[in-house]
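*Asks:* curious how this folds, go ahead:
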Amino acid sequence: MNCATPSDFDAYKCCRLCPRGCAVDRTAGKTGACGETSECRIASAGPHFGEEPCFSGTRGSGTVFFTGCSTGCFFCQNWQISHEGLGQVYDPGAFFNLVRSLTEKGVHNINFVTPDHFWPHIAWVCIKLREDGITIPFLFNSSGYHREDMIEAYAEHMDIFMPDFKFSDPKLAQQCMNDRRYPEIALKALKKMVELKGFLNPWDPSGKITAASGVLVRHLVLPGHIQNSIEVLRLLKKEFGPLLPISVMSQFRPTHMCTERKLLTRALTAAEFDEVTAAADALGFENAFVQSVPDSDAFTPDFRNEEPFRGNHL
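*Replies:* Take a look at the predicted model:
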């Protein structure tokens, strides 16, 4: 089947923007594997202080949370927007105005969260923002589940890549997001990101100097699946060496979908997280953010609120 070039809005007519390759005509009101039509929907936008210090800095990261997701992990902490469709439609002009208003708040970057399934809109807005004189970095904040041949198009507009690397275990990937190919797909995409943008620069974990370009990889540790995390770290070290910037996260909290599936129904323990961070130390990672196990839900979002993250007000 011949599909339109993904850089064009016509890409929605035969959508292959993600590895699922569903080829749905989203312009006809049909929903793709991401759960969305061609109408760009956004659930929240504003300065966010819960990202790594090199992105949040002192004035926040200008996050734009899109509705829908092609990865579809059942345990997603953003389940209200990734699975339940909470969000409002923005035409291209309104989308531009929304992001333009964020830049006027002094944010350090524009942080597009789960952006791949609305890439034609995002590319258009990025072009218009640069034409309008906006110079702050654009950040691609994603699941890591991307077509390798799309990364070059992303890199034409994005300064920073912040992908997840969720699974080293194909069986766990199948169980959580219904695609056992995730490890190989994510690795190919990540290699291309690093090839095109290099490692995060500058590396200032204090947040006094925010990042301007490059790649940082996130990994969320899942309770009961410590070996998956350790194997992710080993894979990253083998492929990219100990200077790859990483962020090892402990913020997992069970959602109602975990309860329904009777999987991942408890929080991560401190002992589990310590085992993973000890592995990161043993592997010699030099540029690593390591969360403490959270004792509150201040940065667990509720997208029904105008400000989803209570911690942004603390």
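*Asks:* what about this protein, any weak spots by pLDDT?
*Replies:* Along the chain, the model assigns pLDDT under 70 to residues 1-7, 294-296, 313-314.
*Asks:* in it, which spans are strands?
*Replies:* 41-48, 61-66, 88-89, 110-113, 138-142, 160-163, 214-215, 217-220, 246-249, 288-290 (DSSP state E).
*Asks:* direction included, what does the fourth one pair against?
*Replies:* Right, the one you point to is strand 110-113. strand 61-66 (parallel), strand 138-142 (parallel) (DSSP bridges).
*Asks:* with respect to burial, which of those scores highest?
*Replies:* strand 61-66 (a mean of 26; mean count of other C-beta atoms under 10 Å). Every C-beta, even on glycine, is put in place using the N, C-alpha and C of the backbone.
*Asks:* ok so, going back, among the strands of the chain, which is nearest Ala189?
*Replies:* strand 160-163 (6.8 Å; C-beta to C-beta).
*Asks:* check which helices and strands the closest one sits against.
*Replies:* Other helices and strands packing on strand 160-163, by 3 or more C-beta pairs under 8 Å, 6 or more residues apart in numbering; DSSP states H and E, are strand 138-142, helix 182-197, strand 214-215, strand 217-220.
*Asks:* just the ones you listed: most buried one?
*Replies:* strand 138-142 (a mean of 25).
*Asks:* can you give me the angle it makes with helix 182-197?
*Replies:* 170 degrees (axes from the mean of the first three to the mean of the last three C-alpha atoms, to 10 degrees).
*Asks:* among the strands paired with strand 110-113, which comes closest to Lys166?
*Replies:* The stretch from those with the least distance to Lys166 (C-beta to C-beta) is strand 138-142; that distance is 10.9 Å.
*Asks:* outside of the closest one, which residues touch it?
*Replies:* With contact meaning C-beta atoms under 8 Å, 6 or more residues apart in numbering, strand 138-142 is reached by 55, 61, 63, 109-116, 126, 129, 154, 157-164.
*Asks:* can I get the strands of the chain in a markdown table with distance to Arg181?
*Replies:* As requested, those are exported to a markdown table (distance: least, C-beta to C-beta, whole Å):
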| stretch | distance to Arg181 |
| --- | --- |
| strand 41-48 | 27 |
| strand 61-66 | 23 |
| strand 88-89 | 32 |
| strand 110-113 | 23 |
| strand 138-142 | 16 |
| strand 160-163 | 16 |
| strand 214-215 | 21 |
| strand 217-220 | 18 |
| strand 246-249 | 22 |
| strand 288-290 | 27 |
